[in-house]
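Undergrad: Just a sequence and a predicted model for now, questions to come.
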Amino acid sequence: MEDDDQKVLDLIKELVHRLLYTSQHPIPSPSASSNPNSSSSSPTTHQYQQALRYALRILSSRMTPSIAPDDAAMAESIKRRLATQGKSSEALTFTDLYSKFSSKTGPGSVKNKWGVLYLLKTISDDRKLLKNQSISRVSNGFFDPASVGGLPALFDSELSDRVSVVNEHYKNLSDLDDKHFSHNLGGSSDNLKKLRGLNSFGKVEKKWGDCGFNENFEKLRVSGEGSRGFKGRENVGKGWSGGVLMVSKDPENIRHLAYKEFAALLREENEVSEEALVRDVLYACQGIDGNYVKFDEKADGYMLPELVKVSRATHVMVRKLCELGWLFRKVKGYISESMERFPAEDVGTVGQAFCAALQDELSEYYKLLAVLEGQAMNPIPLVSESVTSGNYLSLRRLSVWFAEPMVKMRLMAVLVDSCKTLKGGAMAGAIHMQAQHGDPLVKQFMKRLLRRVCSPLFEMVRSWVLEGELEDIFAEFFVLSQPVKAESLWREGYSLHSAMLPSFISSSLAQRILRTGKSINFLRVCCEDRGWADAAAEAANAAGTTTGRGNLGYGETDALESLVAEAAKRIDKHLLDVMYNRYKFKEHCLAIKRYLLLGQGDFVQYLMDIVGPELSEPANTISSFKLAGLLESAIRSSNAQYDDPDVLDRLRVKMMPHNTGDRGWDVFSLEYDARVPLNTVFTESVMARYLRIFNFLWKLRRVEHALIGAWKTMKPNCVTSRFLDKLPNAVKLQLVLTSRRCQVLWDEMNHFVANLQYYIMFEVLEISWSNFLKEMEIAKDLDDLLLAHEKYLCSIVEKSLLGERSQTLNTTLFVLFDLILRFRSHADRLYEGIHELQSRSTETSLSSRDKTKSRANKNDKLSEPGLWLGEGRKALTQRAGEFLRNIGKDLDAIANEYTSVFDGFISQLPVQQHIDLKFLMFRLDFTEFYSHLQSKTGAKLLP
């Protein structure tokens, strides 16, 4: 063993020689190193011995570097340092040497290459530091070199006179003579044992000449006596002389004693131990008052009273940790309050799910507190004590444990504050808005919470979309229902409650959800159909889900949209098939067009012929039963008799409310009985608009019928007027002029009515019907069908001058209709008068002949023949002339009024917004007659 130690010592000496003597000095043998008469150019013996002690100190040290072992990184650091110092050639040489050094592997090679590089770098740094340090810094910086390489500084010979021993523990080593160690290295066996690791790790040894260090240490102690770290060290280092400073494990536990003294000082400053505060904080985090930490109502939080003597840092730490208890108190109070008022008030299923989710999170929180309670039972060790298990709990450790629960509890407290007054979909939407967070922990926590909270809401959606059931006792769903009649079920029975619509469901998706459930209920209630169940099952299969519960949840918006889309497509298609095929919606629309919109020409003409005399009577004298019989006669006498009996059975006569002086024409109308489910489309308001259109078209047909009747009256009278040759020329001329004036006015009126009738029947009704049929074909749901019908009806109303923007034109048009009817009455009076004049003229002529013959037999010489006849003709002529003058004046008045009103009507057509009304203007003035009349008369017919 001694031989091995000697070999190791020889190797260390050889290493020191090679490091001290460069190529510019001759390298002496190790034996010559002890010769004090060596060359002056070589290092002195004292320097050699100092370097040797330094080498032994380094090699016997076991301090672990603070950097990770990396050969390449260490070599790169050394090369970079040489390069930055301007030693490029040395950097290249080092690179070459390192490449050779690192390539050596196998037996005899250095395994810990990084350790060698680190050793050389540390030595270089330490030597540079010693060159730059001043004496004052070295003497006062007791532990300075520990920051460099983890080793104490090596004092040079100039400082050896003032260095003393630090620790009394090493008095038993005082017999080691410095001279013996310097010249003979007799104490090398101890250092070799340290090098081998046989003795205690890194003892501190100092064997230098005098006690000058005690004086410096005393100054250092006095200057730093306010620091607790130097208490108990006043007696250290007495009686020592010389030695090497090394790191020791402190066998006599001086550090431990210092820490105990430090703990005693802490106990003097603090009345309450940290264990007690930890226990109170854990109580506070459960909503329970502790011995010291209690809930303060005024401060609204758990507080450590100011009277309790603890440090300010402890006060701050306790207040921060007790925030978790305040948050817990808020969340727990919300859960308790909601559950207490649940049976009586509308907390709702979503609110219950929210409370259950919060309770589950609190259960996990309770588990954590149970673990912490167990750790709090272990005492808190001193810093100097070696703690093997580490299962103790301090305030600082508690702050680490509370980091994640604090985040979750804060989130739950924020949710509780934002959801206090909310319920149902509004609550789910508010929680969803809080989930829009970038922190993965927060996002995952909110997603887990939302999945529990939204479970009742998604179940309502599934039940509504696939079954049409609205299980919403507490009004939490965004679909509202109200009791209505069957005909109003689709339009008014269900609606969206926007306040309950969560933000993660879009408005378009909500509309599809609403319509799908409405379709199921419409089929079930109004159509008495059960085929929707198969369509719902097919939709669920196509969407990849089942009709059972619990298949949808938060975060599955795509699955929800897919389910709603498939269900809506199939159920809406089934609904339209039922409406078209089973309830014959298209056939009923066509029947309304033919009978209420007077599209069945032969039926309308025959009806007007047979009900005309009856409708000319006062309205209060007309029997609706008689009119119903006349309606049946018109149906049987026209092609309407071949229609579906169900359609004809729905057609009825309706007498509108009448006023005094109204005629049957003013109150007569037809109605169509649209039963369930057709009355969803043909509602009361829709049928009222149809009735308004019917009244307009009925009056237009009445005016046309009146003009036709006038023409029938005028035609035979024109023929018979040729036989009035016996009338005086003046009367005959007046009669011809009046008849011609009547004929011209009739032509003008007939032109207007014929073109208006054509416009209404073809440009309005037929085109609107064609567009309606096209939109019916592309309709995907009942809403599309309702929209198409509404568009069809609005088109007829607007184009027929019945809209709100055409009120002035409508009023003018009805004035023209009244003038035409007045003209019909005057025309009837004219030709009735002509017929009466013809009849009286014939009777007067016959009676005059008989009287002349009898008078000739009695007295041949009476007055001249034809004297009485002449007198009768004169009276008849006067009477005829007066009648024709009155009729002419009436016709002129009607013509002037008609021209004035018609000019106003024509002038208003071009300014109408609807384009089709401009085509009406083109039809009425296609010969440009009114345009030329405007240019001649200067009247403003057109703008």
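TA: Nice, thanks for sending it over. Numbers count the residues shown, from 1 in each chain.
Undergrad: contacting residues for the residue nearest to residue 439 when sequence neighbours are not counted?
TA: Once flanking residues are discounted, residue 439 sits nearest to residue 407: 7.9 Å by C-beta to C-beta, 6 or more residues apart in numbering. Yep, even glycine has a C-beta here, placed from its N, CA and C like the rest. Residues in contact with residue 407 (C-beta atoms under 8 Å, 6 or more residues apart in numbering) are 439, 441-442, 445.
Undergrad: Please flag which of those residues sit within strands.
TA: Among those, no member is found in strands (DSSP state E).
Undergrad: Please enumerate the strands of the stretch 701-850 of the chain.
TA: Counting by DSSP state E, counting those that start in this stretch, the stretch 701-850 of the chain has no strands to list.
Undergrad: The closest residue to residue 827 other than its chain neighbours: neighbouring residues, count only.
TA: Among residues not flanking residue 827 along the chain, residue 710 sits closest, at 4.5 Å (C-beta to C-beta, 6+ apart). Residue 710 has 25 neighbours, counted by other C-beta atoms under 10 Å.
Undergrad: ok, now how distant is residue 710 from residue 751?
TA: Separation of residue 710 from residue 751 (C-beta to C-beta, to the nearest Å) stands at 14 Å.
Undergrad: just residue 758 next, same as before
TA: Distance from residue 758 to residue 751, by C-beta to C-beta: 11 Å.
Undergrad: ok, now residue 500?
TA: 62 Å.
Undergrad: now do residue 454
TA: 71 Å.
Undergrad: do residue 919 as well
TA: 16 Å.
Undergrad: re the thing from before, of residue 500 and residue 751, give the one with the bigger neighbour count.
TA: residue 500 (24 against 14).
Undergrad: Skipping its backbone neighbours, what lies nearest the more buried one in space?
TA: residue 425 (3.8 Å).
Undergrad: Now do the buried residues in the helix or strand encompassing the one you found.
TA: For residue 425, the host element (DSSP states H and E) is helix 424-434. Residues of helix 424-434 classed as buried by neighbour count (16 or more other C-beta atoms under 10 Å): 424-432, 434.
Undergrad: Keep only those of the contacts of residue 407 that are in helices.
TA: Within those, residues falling in helices by DSSP state H are 441-442, 445.
Undergrad: most surrounded residue in those residues?
TA: The most crowded member of these, judged by other C-beta under 10 Å, is residue 445 (19 neighbours).
Undergrad: Which residues lie in contact with that one in this structure?
TA: Contacts of residue 445 by C-beta under 8 Å, 6+ apart are 407-408, 411.
Undergrad: Which per-residue confidence value corresponds to residue 867?
TA: Model confidence at residue 867, given as pLDDT, is 34.
Undergrad: Past the helix or strand harbouring residue 322, which element shows up next along the chain?
TA: Assessed by DSSP H and E, residue 322 sits inside helix 312-340. Tracing the chain past helix 312-340, the next element assigned as helix or strand by DSSP H and E is helix 348-376.
Undergrad: quick check: mean pLDDT across that next one?
TA: On average, helix 348-376 scores 91.
Undergrad: buried ones in it?
TA: So for helix 348-376, counting by 16+ other C-beta under 10 Å, buried means 348-355, 357-358, 361-362, 365, 369, 372, 375-376.
Undergrad: rewinding a little: Serialize the ones in helices among the contacts of residue 407 to JSON lines and add fields for distance to residue 94 and pLDDT.
TA: Below are the ones in helices among the contacts of residue 407 laid out as JSON lines (distance: C-beta to C-beta, whole Å; pLDDT from 0 to 100):
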{"residue": "441", "distance to residue 94": "49", "pLDDT": "86"}
{"residue": "442", "distance to residue 94": "53", "pLDDT": "87"}
{"residue": "445", "distance to residue 94": "56", "pLDDT": "89"}
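Undergrad: Redo the residues you listed as TSV? Include distance to residue 774.
TA: Below are the ones in helices among the contacts of residue 407 laid out as TSV (distance: C-beta to C-beta, whole Å):
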residue	distance to residue 774
441	57
442	54
445	55
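Undergrad: out of the residues you listed, which one sits closest to residue 746?
TA: Set against residue 746, the nearest of the ones in helices among the contacts of residue 407 by C-beta to C-beta is residue 442 (88.0 Å).
Undergrad: per-residue confidence for the closest residue to that closest one other than its chain neighbours?
TA: Nearest non-adjacent residue to residue 442, counting by C-beta to C-beta, 6+ apart: residue 411, 6.4 Å away. We have a pLDDT of 92 for residue 411.
Undergrad: Just give the number of residues close to residue 411.
TA: Counted with other C-beta under 10 Å, residue 411 comes out at 23.
Undergrad: taking the contacts of residue 445 one by one, which sit in helices?
TA: 407-408, 411.
Undergrad: In three-state terms, label residue 288 for me.
TA: In terms of secondary structure, residue 288 is coil; the call rests on DSSP: H, G, I helix; E, B strand; the rest coil.
Undergrad: so where do the helices sit in the stretch 201-350 of the chain?
TA: Per DSSP state H, counting those that start in this stretch, the stretch 201-350 of the chain carries helices over the ranges 212-223, 254-269, 274-284, 312-340, 348-376.
Undergrad: Point out the most buried one among those helices.
TA: helix 274-284 (a mean of 22; mean count of other C-beta atoms under 10 Å).
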